[in-house]
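Q: For reference, the sequence and a predicted model appear below.
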Amino acid sequence: MNRIQDYLLIGNLHTAALVSKKGSIDWLCYPHFDSPSIFARLLDGDGGSFSIKNEDVDIEARYIKDTAIVEHICRGKDNAFIVRDFMVPHQQELCDNHFLIRKIVGLQGSPVVSFNFDPRPDYGKNSIEMKQGKNILYAVFDRGQIRLNLPGQAKVRKQGKGYIIDIPVEKGQEKEIVLELDLEKSECGPGDDFEERTREFWKKWLSQGKFIGFCREQMVRSAITLKLMQYYPTGAIVAAPTTSLPEEIGGERNWDYRYTWIRDATFTLYAFHIMGFRDELIRFFDFIENIAEECRECGGAVHLMYTIKGKKVPREQELMHMEGFRGSSPVRIGNAAYDQFQLDVYGSLIDSYYFMWRRGGLVLSDKARRIVVSLVGYIGDVWLHKDEGIWEMRSGREHFTYSKVMAWVGVNRALRMARVLGIEGDKKKQWSRLERTIKQWIWKNCYDEKMGSFTQHPDTVYQDSTNFLFVLLQFLNRHEARTKDIILSTCRELSYKKSFVYRYLVDDSLEGKEGAFMLCTFWMMAALAAVEETDEALKHYYNIRKYTDKTMLIAEEIDPDSGEYLGNFPQAFSHMGLILASYFIDRYRKRTDK
């Protein structure tokens, strides 16, 4: 039975697929990340898949270096072959055709490579009509059709609801299966070299990047993964391309992450900036600005998440017919947290403007000025309200420390831009008073003198991993002794086996437990580096690297005892965390060396 880390990601910048190390495409939503699935065996045995059926071969899977092409090396007793899986990237607003390629290369002997093609649309709920033509299989369903273009000499036979496809191949021969999605007419021609196009795309794209020496390989894979999760037409980045991968095997903490979280804005921009990918940075910022403008016009309230098209996230539903990943139910689509009040998103939005102005070369337009001024006004009105917090608590609202710090960040960054915003005189004094008031409230209500650290909120004795962010957000001065004390206190409470970090220990009212949070683990490394504990941060980095799969994809969480990945996969925020931690370790290590 597959583990979460037994999958690799391929995609075309509009949607993505997960292919197992044994060569089974078990997850693909079509035509976009948040569309219903075509293949969903990831979540249910009857969810549909497109798998290699040769049972007499050993399969080794890997990425071809610096690409999003997955290579399965299949070796039998007297034969060997390769299957390369990839999708052709489409950097265009409108994508009429989506291509998923399975390329077969003969290595030894004369193997017959067999596949089971078994699409099950709409999370396995809808029926499908299969039609067979010359070297073609059509799968017709209520939302459209998909077309499987087969090489010559392919033999097809029906088995159950799907088809077995047998393809003979000789040593040195190359043959392709081309799955076309969302088509009105075929764009697949006999002269197309899809693999070369895809290799060239990744080579050209990565040539723009900047990567840090001690972790270049990990940063490159994180960059490719983030690129695969950015919806090109709008610039939105999904938190993950999956839904309902469990935070506990057999548990109920299963959520739909195929949406964009606003609070991730500055981290996303910073990650792309560190690596030098300006187009992706600009496209994501444009997505964020469109949402901010729309919210300003409707009274200032911002949802914490949006669809990849900037729309309201669908209501949460449970798919009762699906058993869930290894029996982890329920399977959910949509997300009920979309309408929670989260104070931190307003500071995040202002911080993203500040980042783009300070580092991204943004000239603040009249529209941008109106948005920022409006957001500061909204913070002034609501900062003393309780909220559900960054972790989207379903147990009720609290005065979460991180939310208040982000309210302070919003006002602080607006003040730094005061001149270009045209803010002066009484208005600037008003903002300065608001900034001081919020900061004083945090220290008075959220700081525990005896513990020497911040609690998650004033009515608990437990700390929160967001404490690591306060020095990175410049709420805390990295040169002050108490800043290091806060970081070390948080490490003592929330770390396990030294390098793994839990989000919090407080009861969140949900059944079961969760794993160590990879993002928070990277936050700890970055915070330690910021207070010049770079050697310690680097030890944690190398220790965690032992637990990450050789594919270098990272899930939301990990079980520190078993090493098993947990939660949706791959997780954009985890990869952003790796990039930020690598940057801060490198940055402050150089200063220490000097």
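A: Structure received. Numbers count the residues shown, from 1 in each chain.
Q: rest of the way, CA atoms for contacts and neighbours
A: Noted.
Q: pLDDT below threshold where in the stretch 1-150 of the chain?
A: Flagging of the stretch 1-150 of the chain using pLDDT under 70 yields the residue ranges 95-96.
Q: residues contacting Met552?
A: Shown in contact with Met552 (C-alpha atoms under 8 Å, 6 or more residues apart in numbering): 218, 221-222.
Q: For the residues you listed, pick the one with the most neighbours.
A: Ser222 (25 neighbours; other C-alpha atoms under 10 Å).
Q: Contact partners for that one?
A: 552-553, 575-576, 578-579.
Q: Filter those residues down to the ones in helices?
A: Using DSSP state H, the members of the contacts of Ser222 that fall in helices are 575-576, 578-579.
Q: how about CSV for the contacts of Met552, with pLDDT added?
A: What follows is the contacts of Met552, written out as CSV (pLDDT from 0 to 100):
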residue, pLDDT
Gln218, 97
Arg221, 98
Ser222, 98
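Q: mind giving me JSON lines with the ones in helices among the contacts of Ser222 and columns for pLDDT, distance to Leu494 and neighbour count?
A: Below are the ones in helices among the contacts of Ser222 laid out as JSON lines (pLDDT from 0 to 100; distance: C-alpha to C-alpha, whole Å; neighbours: other C-alpha atoms under 10 Å):
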{"residue": "His575", "pLDDT": "97", "distance to Leu494": "21", "neighbour count": "28"}
{"residue": "Met576", "pLDDT": "97", "distance to Leu494": "21", "neighbour count": "24"}
{"residue": "Leu578", "pLDDT": "97", "distance to Leu494": "19", "neighbour count": "24"}
{"residue": "Ile579", "pLDDT": "98", "distance to Leu494": "22", "neighbour count": "27"}
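Q: Would you mind checking which of those residues is nearest to Thr67?
A: Proximity of the ones in helices among the contacts of Ser222 to Thr67 was ranked by C-alpha to C-alpha; the top entry is His575 with 16.4 Å.
Q: which non-adjacent residue is nearest the closest one?
A: Ser222 (5.4 Å; C-alpha to C-alpha, 6 or more residues apart in numbering).
Q: Please produce CSV containing the contacts of Met552, extended by distance to Gly235 and secondary structure.
A: Output for the contacts of Met552, formatted as CSV (distance: C-alpha to C-alpha, whole Å; DSSP: H, G, I helix; E, B strand; the rest coil):
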residue, distance to Gly235, secondary structure
Gln218, 23, helix
Arg221, 19, helix
Ser222, 17, helix
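Q: rewinding a little: could you check the distance from the residue nearest to His575 over to Met322?
A: 31 Å (C-alpha to C-alpha, to the nearest Å).
Q: Looks like Phe341 contacts His385 (just checking).
A: No - using C-alpha atoms under 8 Å, Phe341 is not in contact with His385, being 9.4 Å away.
Q: The two: which has the busier surroundings?
A: It is Phe341, of Phe341 and His385, that has more neighbours when counted by other C-alpha under 10 Å, with 20 against 15.
Q: Mind pulling up the pLDDT for that one?
A: We have a pLDDT of 91 for Phe341.
Q: Backbone dihedrals for it, please?
A: Main-chain dihedrals, Phe341, degrees, to the nearest 10: phi -90, psi 120.
Q: Identify the residues contacting it.
A: Going by C-alpha under 8 Å, 6+ apart, Phe341 touches 303-304, 387-389.
Q: how about the strands in the stretch 151-300 of the chain?
A: Applying DSSP state E, counting those that start in this stretch to the stretch 151-300 of the chain gives strands spanning 155-159, 162-168, 174-181, 260-261.
Q: how about those in CSV, adding mean neighbour count?
A: Below are the strands of the stretch 151-300 of the chain laid out as CSV (neighbours: other C-alpha atoms under 10 Å):
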stretch, mean neighbour count
strand 155-159, 13
strand 162-168, 19
strand 174-181, 20
strand 260-261, 23
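Q: Quick one: closest of these to Thr67.
A: strand 174-181 (18.6 Å).
Q: now the angle between strand 162-168 and the closest one, please.
A: 160 degrees (axes from the mean of the first three to the mean of the last three C-alpha atoms, to 10 degrees).
Q: List the strands paired with strand 174-181, with their directions.
A: Strand 174-181 has the following sheet partners, assigned by DSSP bridges: strand 98-108 (antiparallel), strand 144-149 (antiparallel).
Q: Can you give the contact residues for the last one?
A: Residues outside strand 144-149 that contact it (C-alpha under 8 Å, 6+ apart) are 135-140, 177-183.
Q: and Lys404, which of the three is it?
A: Under the three-state scheme (DSSP: H, G, I helix; E, B strand; the rest coil), Lys404 adopts helix.
Q: Okay, now the unreliable bits of the stretch 451-594 of the chain?
A: 591-594.
Q: repeat that for 50
A: Residue ranges of the stretch 451-594 of the chain with pLDDT under 50: none are present.
Q: what ranges do the strands span in it?
A: Counting by DSSP E, counting those that start in this stretch, the strands of the stretch 451-594 of the chain are 453-454, 495-496, 500-501, 516-517, 557-558, 565-566.
Q: Would you give the sheet partners of the last one, along with the direction of each?
A: What that stands for is strand 565-566. In the sheet, strand 565-566 lines up with strand 557-558 (antiparallel) (DSSP bridges).
Q: who's in contact with the partner strand?
A: 247, 514-518, 564-567.
Q: Stretch 376-384: which residues count as buried?
A: Judged by neighbour count using 16 or more other C-alpha atoms under 10 Å, the buried positions of stretch 376-384 are 376, 378-380, 383.
Q: tell me the mean pLDDT for that stretch?
A: Looking at stretch 376-384 alone, the average pLDDT works out to 96.
Q: outside of it, which residues touch it?
A: So stretch 376-384 is contacted by 300, 343, 346-347, 399, 404, 407, 410-411, 414, 434 (C-alpha under 8 Å, 6+ apart).
Q: mind redoing it with 7 Å?
A: If you take C-alpha atoms under 7 Å, 6 or more residues apart in numbering as the criterion, stretch 376-384 is touched by 300, 343, 346, 404, 407, 410-411.
Q: hmm, which of those are the buried ones?
A: 300, 343, 346, 404, 407, 410-411.
Q: Out of these, which sit inside helices?
A: The helices, defined by DSSP H, take in 346, 404, 407, 410-411 from these.
Q: In terms of residue numbering, what are the domains of the protein?
A: 4-204, 208-593 (automatic domain parsing).
Q: re the thing from before, point out the least confident one among the ones in helices among the buried ones among the contacts of stretch 376-384.
A: Least confident of those in the model: Tyr346, at 95.
Q: neighbours around the closest residue to Ile38 other than its chain neighbours, how many?
A: With sequence-adjacent residues excluded and distances taken as C-alpha to C-alpha, 6+ apart, Ile38 is closest to Pro121, at 4.4 Å. Using other C-alpha under 10 Å, Pro121 has 25 neighbouring residues.
Q: need the contact list for Pro121.
A: 37-39.
Q: now these as CSV including distance to Val501, secondary structure and neighbour count?
A: Converted to CSV, these look like this (distance: C-alpha to C-alpha, whole Å; DSSP: H, G, I helix; E, B strand; the rest coil; neighbours: other C-alpha atoms under 10 Å):
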residue, distance to Val501, secondary structure, neighbour count
Ser37, 33, strand, 25
Ile38, 36, strand, 26
Phe39, 34, strand, 30
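Q: which of those residues lies closest to Arg3?
A: Nearest to Arg3 among the contacts of Pro121 is Phe39, at 17.3 Å by C-alpha to C-alpha.
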